[in-house]
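Enquirer: Prediction below, plus the sequence it came from.
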Amino acid sequence: MANIIYILWIMLIVGDVLVSDELIDKCFCCDLSLCKGACCVEGDSGAPVAPEEVADLDENYPFFQKYMTEEGVATIEDIGDTFVFEGEGEFGTPLVPSSKACAFAFFEDGVCKCAIEKAFLSGEISFRKPLSCYLYPVRVSKVGKYIALNYHHWDICKCACKKGKELNLPVYQFLKEPLIRKFGVDWYEELCRAVAERAE
């Protein structure tokens with residue numbers, strides 16, 4: 001029982017979503033001029049891909065393929081798909097074997113960027129990128145009947161934490177657009193009200 005009380009104490013409950021206090025108390029704002037998009041080339045596995053996003057990757061691949069590196073395209077051709085199966089109904093973005101970078105990553109002016117997002121920003125596709133990438137540094141998981149939103153700590157994001165503090169920009173505000181994409185405008189407004197009430 002004590003564990004349940006502890007979980008509720010460090011989280012807000014908004015609808016059927018558990019929101020970690022760190023999304024409210026911590027500040028964050030990506031600073032690509034310093035990190036150079038390191039989150040797309042660091043790590044041991046690709047970004048999580050929701051089952052409903054698999055079709056988006058396949059359907060839009062012809063549009064964002066031209067922005068990918070030769071190694072990224074070769075990786076997709078070698079595995080024969082735009083995603084990898086992680087087991088138990090979970091999927092992820094493929095990694096280039098030689099560098100462990102995301103297969104969809106490319107460099108522009110020395111900064112690692114996403115080929116999918118490049119096609120989106122160019123108006124070629126309506127799918128921006130996997131939600132797990134868009135929501136970072138938040139990770140989504142299941143806790144019983146709830147969806148849990150937790151802050152993911154990673155040293156390469158120290159500059160983002162510093163910039164967020166300078167701007168006084170809490171994580172949940174920095175991630176307004178992806179949170180609305182995931183849960184809707186009404187849910188996000190309810191979250192803002194809950195945060196305001198918590199501060200009183």
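Expert: Structure's in. What do you need?

Enquirer: Am I right that I147 sits in a strand?
Expert: Yes - according to DSSP: H, G, I helix; E, B strand; the rest coil, I147 belongs to a strand.

Enquirer: wait, what's in contact with F85?
Expert: By Cβ atoms under 8 Å, 6 or more residues apart in numbering, the contact set of F85 is F91. C-betas here are computed from N, CA, C, even on glycine.

Enquirer: after the strand or helix carrying it, next one along is what?
Expert: Taking DSSP states H and E as the criterion, F85 maps to strand 84-87. Beyond strand 84-87 on the C-terminal side, the first helix or strand identified by DSSP H and E is strand 90-92.

Enquirer: Just give the nearest non-adjacent residue to the residue nearest to the spatial centre of the chain, would you?
Expert: Among the residues of the chain, the one closest to the centroid is C133, at 2.5 Å (Cα atoms, centre = their mean). Once flanking residues are discounted, C133 sits nearest to A47: 4.9 Å by Cβ to Cβ, 6 or more residues apart in numbering.

Enquirer: Can you report how many residues neighbour that neighbour?
Expert: If you count neighbours by other Cβ atoms under 10 Å, A47 ends up with 22.

Enquirer: same question, C112
Expert: Neighbour tally, C112, other Cβ under 10 Å: 19.

Enquirer: part of a strand, is it?
Expert: Yes - counting by three-state DSSP, C112 is located in a strand.

Enquirer: what sits opposite it in the beta ladder?
Expert: Under DSSP bridges, the beta-bridge partners of C112 are F107.

Enquirer: Surely it and V41 touch.
Expert: Yes - between C112 and V41 there is a contact under Cβ atoms under 8 Å: 5.5 Å.

Enquirer: between these two, what contacts are shared?
Expert: Common contacts of C112 and V41 (Cβ under 8 Å, 6+ apart): A101, A105.

Enquirer: number of nearby residues for C102?
Expert: Neighbours of C102 using other Cβ under 10 Å come to 29.

Enquirer: oh, I was asking about M11
Expert: Should you count by other Cβ under 10 Å, M11 turns out to have 21 residues around it.

Enquirer: doesn't L23 make contact with it?
Expert: No - counting by Cβ under 8 Å, M11 stays clear of L23, with 9.2 Å between them.

Enquirer: who does the strand holding F85 pair up with?
Expert: strand 90-92 (antiparallel).

Enquirer: List the buried residues in the strand it pairs with.
Expert: Applying a neighbour-count criterion of 16 or more other Cβ atoms under 10 Å, one finds F91, G92 buried in strand 90-92.

Enquirer: which outside residues touch it?
Expert: The contact list for strand 90-92 (Cβ under 8 Å, 6+ apart) reads 45-51, 53-54, 83-86.

Enquirer: circling back to that earlier point, buried residues in the strand holding F85?
Expert: Neighbour-count burial for strand 84-87, with 16+ other Cβ under 10 Å as criterion, is recorded at V84.

Enquirer: show me where pLDDT drops low in this protein?
Expert: Scanning the chain for pLDDT under 70 picks out the ranges 1-10.

Enquirer: if we go to 80?
Expert: Along the chain, the model assigns pLDDT under 80 to residues 1-11, 43-44, 87-89, 200.

Enquirer: Nothing else from me, thank you.
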